[in-house]
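*Asks:* just need the structure, nothing else, for what follows:
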Amino acid sequence: MLKLDEMQKKLLEEVADLHAVPEGAYNIRSNGKSIGRSSSAHIHITSKEDGSGIVVQIDPETKKESVHIPVVMTQTGLKEVVYNDFYIGKDADVVIVAGCGIDNCGNQDAQHDGIHRFFVDPGAKVKYVEKHYGSGEGKGKRILNPVTEVFLSENAYMEMEMVQIKGVDAVVLGVLVAAVVDTAARHDHHVGVPADVEIVVYGLLQAGLSQDHGDVNAFVFGARLDADIDAG
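*Replies:* Numbers count the residues shown, from 1 in each chain. Presented below is the predicted three-dimensional model:
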């Protein structure tokens, strides 16, 4: 049974709205390693062979299911880069909840760079929520540099909601979206493929995060984009 300390519980509540271990599929990462994982009948989570991250495979026509993959850090001086891949099957309709919370009470910087790649098959719909939260009285910074790469097949749709809650010293959000003929051939950008993406960013310039340390870089190829960036 997964055991969490009080700070882990606090961070998970902030970034993933979790008050207990979630039902269904989840992977909880803490201080550089997975401390809890569960797959469901239609959502399968495995580790990459090189240990660099996880693979989330969602079966075709999976409906009204969610997967939680939050990260929490309480170790000062820890810096990590994680590569997670998501494969969303044809006509699926799912919610993916990520997010990272850092509590840094030491004098060294703590940093999490999460590179997430989404391969969305024809007709699939994905809502992706990523929240960032920082706390701790130490002099060390709390740094987050997430990168999201999205490869959309025909009539695929993805909504990205990215929220900066508080307490993060530096964050750069990188987003690349490409509409492709086939997610297996993701480098073949094809402007003729109908696909949609919606990006919503909240609180980028929240208290304690200056404009020099908060930014969004978005690159879109061939997909219809609806972007709403609320920096307040």
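*Asks:* quick check, Leu11 in a strand?
*Replies:* No: according to DSSP: H, G, I helix; E, B strand; the rest coil, Leu11 belongs to no strand; its state is helix.
*Asks:* ok, now which ones touch the residue sitting nearest the centre point of the chain?
*Replies:* Within the chain, the residue whose C-alpha comes closest to the C-alpha centroid is Ala98; the distance, by CA atoms, centre = their mean, is 4.2 Å. Contacts for Ala98 (CB atoms under 8 Å, 6 or more residues apart in numbering) come out as Ala16, Ile69, Pro70, Val71, Gly114, His116, Tyr128, Val129, Glu130, Lys131. (C-beta placed from N, C-alpha, C; glycine too.)
*Asks:* kindly tell me how buried the fourth one is, as a neighbour count.
*Replies:* Residue neighbour count, defined by other CB atoms under 10 Å, stands at 27 for Val71.
*Asks:* do the same with the third one
*Replies:* When counting by other CB under 10 Å, one arrives at 26 neighbours for Pro70.
*Asks:* per-residue confidence at it?
*Replies:* Looking at Pro70, its pLDDT stands at 96.
*Asks:* nearest residue to it other than its sequence neighbours?
*Replies:* Distance criterion CB to CB, 6 or more residues apart in numbering; nearest residue to Pro70, sequence neighbours excluded, is Ala16 at 4.1 Å.
*Asks:* what about the one you found, distance to Pro60?
*Replies:* From Ala16 over to Pro60 the distance is 26 Å, taken as CB to CB, to the nearest Å.
*Asks:* do the same with Ile54
*Replies:* 20 Å.
*Asks:* of the two, which one has the most company?
*Replies:* Each of Ile54 and Pro60 had its neighbours counted (other CB under 10 Å), and the higher figure belongs to Ile54 (18 against 14).
*Asks:* the more buried one - nearest residue in space that isn't next to it in sequence?
*Replies:* The shortest distance from Ile54 to any residue other than its chain neighbours is 5.2 Å, reached at Asn84 (CB to CB, 6+ apart).
*Asks:* any idea how many residues pack against the one you found?
*Replies:* The tally of other residues near Asn84 (other CB under 10 Å) stands at 22.
*Asks:* tell me the strands beside whatever helix or strand it lives in, with direction?
*Replies:* Element membership for Asn84 (DSSP states H and E) is strand 79-88. Next to strand 79-88 in the sheet, as set by DSSP bridges, lie strand 54-58 (parallel), strand 110-120 (parallel).
*Asks:* much appreciated, bye for now.
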